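Asks: Turn this into a model:
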Amino acid sequence: MTRSTATTPPQPAKPSALSPSIATLATGKTRLSWTESSADKHTPTKKPGVCKDTVAIISEPVEQNSYGLSDGAWMKDARGHGNVIYLTNGHYGNSLLEFRDLDTFRSGEPSNSYELPYSYTGSGHVGFHQEVIVLTRLRPRDLQPIHRFRTGLRRGRYGDSFLVCGVLYAVDSVTRHHANVTYAFDTHTLTHTVPTLALSHRYAHTSQLSYCPLDRKLYAWDHAHQLTYDLIFAY
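Replies: All right, here's what the predicted structure looks like:
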């Protein structure tokens, strides 16, 4: 499980340690090289034939429901049976709503409500390290961090991002009706590319984008509307 965190690490004593050197590979990708501690270093783990899907096309959005506040997030449990929907309503709080399935969600009546032991802020969590966006991989059983990835993304230059099969895709805007995915960072190989994938924001106020591997769809919360996008993969 890989997600971004909402913590801001302390500033390092030597800012130059965060300056990347960039090497161009034969494939046209570039590898980011960092001066960092041995605990932060990462050995590429991608295996042939495993988790190799590359997003080629993002479909037009399909509206599934209209629920809640302007900002929020909805998702499915990637390790569950695929029907249950979980939702956080609003920009901050400590309640998680559960809906038995999509029909129950459309009825507006939650199946369960959980009070979280902590409060959340926002609908996506991003950590910054001297303006560089940092991803943190968490251990599923207790959500403890087990690895960090410093990407080539810079704070304020992108509207949102989502992970597909260990690859982070960044969208240039969430407030334009017609946006583009213009950055991709592969956590397996530590390489980044510059794709050009069109992405439509129907209501031009997207507060969440997340991928569900169960149905291979992208889930979005756009100005109190819950949308899905089909993804077409290159291979």
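
Asks: and residue 205, what does it touch?
Replies: Contacts for residue 205 (Cβ atoms under 8 Å, 6 or more residues apart in numbering) come out as 70, 174-175, 222-223. Bear in mind the C-beta positions are built from the backbone N, C-alpha and C, glycine included.

Asks: rerun that using 6 Å as the cut-off
Replies: 222-223 (Cβ atoms under 6 Å, 6 or more residues apart in numbering).

Asks: repeat for residue 57
Replies: Contacts of residue 57 (Cβ under 6 Å, 6+ apart): residue 232.

Asks: Can you tell me how far it is from residue 167?
Replies: Residue 57 is 15 Å from residue 167, where distance means Cβ to Cβ, to the nearest Å.

Asks: Ok, residue 102 next?
Replies: For residue 102 relative to residue 167 (Cβ to Cβ), the value is 27 Å.

Asks: Please report the distance of the spatially most central residue of the chain from residue 151.
Replies: For the chain, residue 162 is the residue whose C-alpha lies nearest the centre (Cα atoms, centre = their mean; 2.8 Å). According to Cβ to Cβ, residue 162 and residue 151 sit 13 Å apart.

Asks: since we're on residue 93, how many residues are nearby?
Replies: If you count neighbours by other Cβ atoms under 10 Å, residue 93 ends up with 15.

Asks: ok, residues contacting the host helix or strand of it?
Replies: For residue 93, the host element (DSSP states H and E) is strand 92-99. Contact partners of strand 92-99, identified using Cβ under 6 Å, 6+ apart, comprise 85-87, 105, 110-114, 116, 119, 121.

Asks: Identify the farthest-apart pair in the residues you listed.
Replies: Greatest spatial distance in these: 111 and 121, 25.4 Å, computed using Cβ to Cβ.

Asks: higher neighbour count, the two?
Replies: Using other Cβ under 10 Å as the criterion, residue 111 and residue 121 rank with residue 111 on top: 13 against 9.

Asks: distance of the more buried one from residue 203?
Replies: From residue 111 over to residue 203 (counting by Cβ to Cβ), the distance is 27 Å.

Asks: ok, now residue 61?
Replies: 9 Å.

Asks: The two: which is more packed in?
Replies: residue 61 (21 against 18).

Asks: Skipping its backbone neighbours, what lies nearest the more buried one in space?
Replies: In this structure, residue 61 finds its nearest non-sequential neighbour in residue 227, 4.0 Å apart by Cβ to Cβ, 6 or more residues apart in numbering.

Asks: Please name the bridge partners of the one you found.
Replies: Note on residue 227: beta-bridge partners by DSSP bridges are residue 63, residue 220.

Asks: just checking, it touches residue 63?
Replies: Yes: the pair residue 227 / residue 63 is scored as a contact, 5.4 Å apart, by Cβ atoms under 6 Å.

Asks: if you count what's nearby, which of these two comes out ahead?
Replies: The neighbour count for residue 227 versus residue 63, taken as other Cβ under 10 Å, is higher for residue 227 (25 against 13).

Asks: who's in contact with the more buried one?
Replies: 61, 63, 220.

Asks: do you know how far it is from residue 141?
Replies: 31 Å.
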